[in-house]
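Trainee: predicted structure and sequence below. I'll ask about it afterward.
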Amino acid sequence: MFVLSNLLEAFAMILSWGLTLYMWIIIIRVLLSWVNPDPYNPIVQFLYRITEPVLYPIRRRLPYLGGLDVSPIIVIMIIMFLQTFLVRTIRDIAIRLGTGHAF
């Protein structure tokens, strides 16, 4: 069972890093939107391409708030929830499997 425990622990760590990285990418996109960046810049295009598929569905469901886009805040809150709930749950399962305790 220790192999499965180690696999789950590694998955939880990679998931946590990935969620943190994606959160920072969203924060960078928000900061760039305040300075009106060149839309033809490859970095700006990359940031929009990687964040828009997540932000657009949320933005579409929100009511019009006078031009204020709160979708990045909602996505960041979802990421924080996933890190708190999902990653911790996977780690706890890995710990229980590693110590041999039953659920």
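Mentor: Thanks, I have it. Values in this document were obtained by computation on a predicted structure and should not be read as measured data. Numbers count the residues shown, from 1 in each chain.

Trainee: please make it C-alpha for all contacts and neighbour counts, starting now.
Mentor: Noted.

Trainee: and stretch 30-49, how far apart are its ends?
Mentor: With C-alpha to C-alpha, to the nearest Å as the measure, the ends of stretch 30-49 fall 14 Å from one another.

Trainee: let me see the mean pLDDT of it.
Mentor: On average, the pLDDT along stretch 30-49 is 93.

Trainee: just the buried positions in it, please.
Mentor: By 16 or more other C-alpha atoms under 10 Å, the buried positions in stretch 30-49 come out as 44, 47-48.

Trainee: which ones among the residues you listed lie within helices?
Mentor: Among those, the members falling in helices are 44, 47-48 (criterion: DSSP state H).

Trainee: and residue 14, which helix or strand is it part of?
Mentor: helix 2-34 (DSSP states H and E).

Trainee: list the buried residues for that helix?
Mentor: Quick answer for helix 2-34 (16+ other C-alpha under 10 Å): 5-6, 8-9, 11-13, 15-16, 19-20, 22-23, 25-26, 29.

Trainee: which one of the residues you listed sits closest to residue 39?
Mentor: Taking C-alpha to C-alpha as the measure, residue 39 lies nearest residue 29 of those, at 11.9 Å.

Trainee: could you find the closest non-adjacent residue to that closest one?
Mentor: Leaving aside its chain neighbours, residue 29 sits nearest to residue 47 (6.3 Å; criterion: C-alpha to C-alpha, 6 or more residues apart in numbering).

Trainee: list the contacts for that neighbour?
Mentor: 25-26, 29 (C-alpha atoms under 8 Å, 6 or more residues apart in numbering).

Trainee: try 10 Å
Mentor: 25-26, 28-30, 32 (C-alpha atoms under 10 Å, 6 or more residues apart in numbering).

Trainee: report pLDDT for residue 11.
Mentor: 96.

Trainee: can you tell me which residue is nearest the centre of the chain?
Mentor: Nearest to the mean C-alpha position of the chain, counting by C-alpha atoms, centre = their mean, stands residue 19 at 3.5 Å.
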